[in-house]
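# Quick one: sequence and predicted model below, then my questions.
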Amino acid sequence: MKPGARNLITDVAGLRVGNAHDSALRSGVSVLTGARPFTAAVHVMGGAPGTRETDLLAPDRLVQEVDALVLSGGSAFGLGACDGVMAGLRAQGRGFAVGAQRVPIVPGAILFDLANGGAKDWQDSPYPALGRQALDAAHTRFDLGSAGAGFGAMTGTLKGGLGSASAVLESGYTIGALVAVNALGSVTADAQGHFWAAPWELEAEFGGRGAAQHFAPEFEPEPTKRMGEATTIAIIATDAALNQPQATRMATAAHDGMARAIHPSHTPLDGDLIFAAATGDRPLADPLRDTFQLGHAAACVLARAIARAIYEASASPGDLQPSWQKLYGT
């Protein structure tokens with residue numbers, strides 16, 4: 001397993017990511033879209049999720065493919081970002097054909113960043129416009145850290161952010177992750193800033209500092225946020241030809257990566273959720289072996305992407321938490 005050329009989810013051919021944020025609002029939106037509709041699925045393990053159109057992603061539903069996936073700040077208000085993405089896709093002629101109409105299929109998930117010190121006194125929701133801006137900005141290269149849906153994110157200890165990573169398997173499949181980290185738990189294992197995800201790091205992508213030498217496994221954390229204020233939302237994508245049950249299993253396996261990288265994760269106060277996306281460019285040669293390996297790779301890639309989100313976050317005036325770079329960067 002090695003990183004893709006960009007070490008981004010867009011190493012999966014045909015996928016693009018767009019970010020948009022409002023610095024005064026201290027919030028933003030990230031959009032994953034493709035050259036054509038792609039198979040999508042979802043798995044939720046957090047106790048406080050916020051979602052839109054996720055019921056469509058069950059294997060027994062009529063619509064099997066989507067046009068985009070949205071990760072947004074703004075709590076429930078952020079679900080409006082999907083409206084802006086739908087409008088942009090409709091203008092492109094994209095969407096599920098219903099008679100003479102086309103309806104873009106755009107599931108989304110949100111994180112809570114309403115208490116991060118930004119200006120939240122707006123009258124009309126800014127999120128539809130941010131969603132449209134993010135779609136219009138979609139590209140194979142995009143910013144990490146304090147960007148997109150991770151712009152105003154926080155964790156239990158450090159400033160949160162947007163992360164991504166990729167891997168190319170020996171079998172030839174590419175897999176990538178995109179994640180906005182706004183967790184209740186901690187992404188670092190000690191007072192020296194070592195990441196829990198260090199055993200899965202490739203090519204010093206989040207500093208190459210190695211694993212913590214000492215930590216307290218008996219530590220009993222206290223919640224630093226209230227119900228609904230924390231969430232890590234992610235997308236795992238591959239070029240493998242997965243159906244919805246197989247994509248759902250990949251999303252489920254990817255939660256192992258969240259648990260490796262964030263301690264604790266999947267709490268009643270978090271809305272932890274993972275979308276899966278499969279472009280279908282590479283048929284499965286051996287379905288049992290290939291889906292087994294893709295699930296393992298999904299967990300590894302997501303753990304790396306989570307650490308990168310925190311590692312790449314940048315300090316800005318008014319921050320309520322320090323960035324990793326401010327505390328530990330050299």
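Done, it's in.

# Kindly list the longest helix within the protein.
When the chain is scanned for its longest helix (criterion: DSSP state H), the result is helix 287-312.

# Which strands border the longest strand seen in the chain, and is each parallel or antiparallel?
Of all the segments assigned as strand in the chain under DSSP state E, the longest by residue count is strand 27-44. The sheet places strand 27-44 alongside strand 15-22 (antiparallel), strand 65-72 (antiparallel), strand 273-282 (antiparallel), with pairing taken from DSSP bridges.

# so what secondary structure elements neighbour the helix or strand just after that strand?
The C-terminal neighbour of strand 27-44 among helices and strands, as given by DSSP states H and E, is strand 51-52. Contact partners of strand 51-52 among helices and strands, from 3 or more C-beta pairs under 8 Å, 6 or more residues apart in numbering; DSSP states H and E: strand 108-110. Every residue, glycine included, has its C-beta placed from N, CA and C.

# Check which helices and strands the helix or strand just after the strand it packs on sits against.
Downstream of strand 108-110, the next assigned helix or strand under DSSP H and E is helix 127-136. Under the contact criterion of 3+ C-beta pairs under 8 Å, 6+ apart, the helices and strands touching helix 127-136 comprise strand 15-22, strand 27-44, strand 65-72, helix 81-91.

# which residues touch the nearest residue to residue 89 once chain neighbours are set aside?
Nearest-residue entry for residue 89: residue 104, 3.8 Å, with adjacent residues in sequence omitted and distances by C-beta to C-beta, 6 or more residues apart in numbering. With contact set as C-beta atoms under 8 Å, 6 or more residues apart in numbering, residue 104 has these partners: 67, 68, 85, 86, 89, 90, 94, 95, 96.

# ok, and which of the strands paired with strand 27-44 has the densest surroundings?
The highest average neighbour count among these, using mean count of other C-beta atoms under 10 Å, belongs to strand 65-72 at a mean of 28.

# Is there a neighbour count for residue 1? I'd like the number.
14 (other C-beta atoms under 10 Å).

# What's the separation between it and residue 167?
Counting by C-beta to C-beta, to the nearest Å, the gap from residue 1 to residue 167 is 5 Å.
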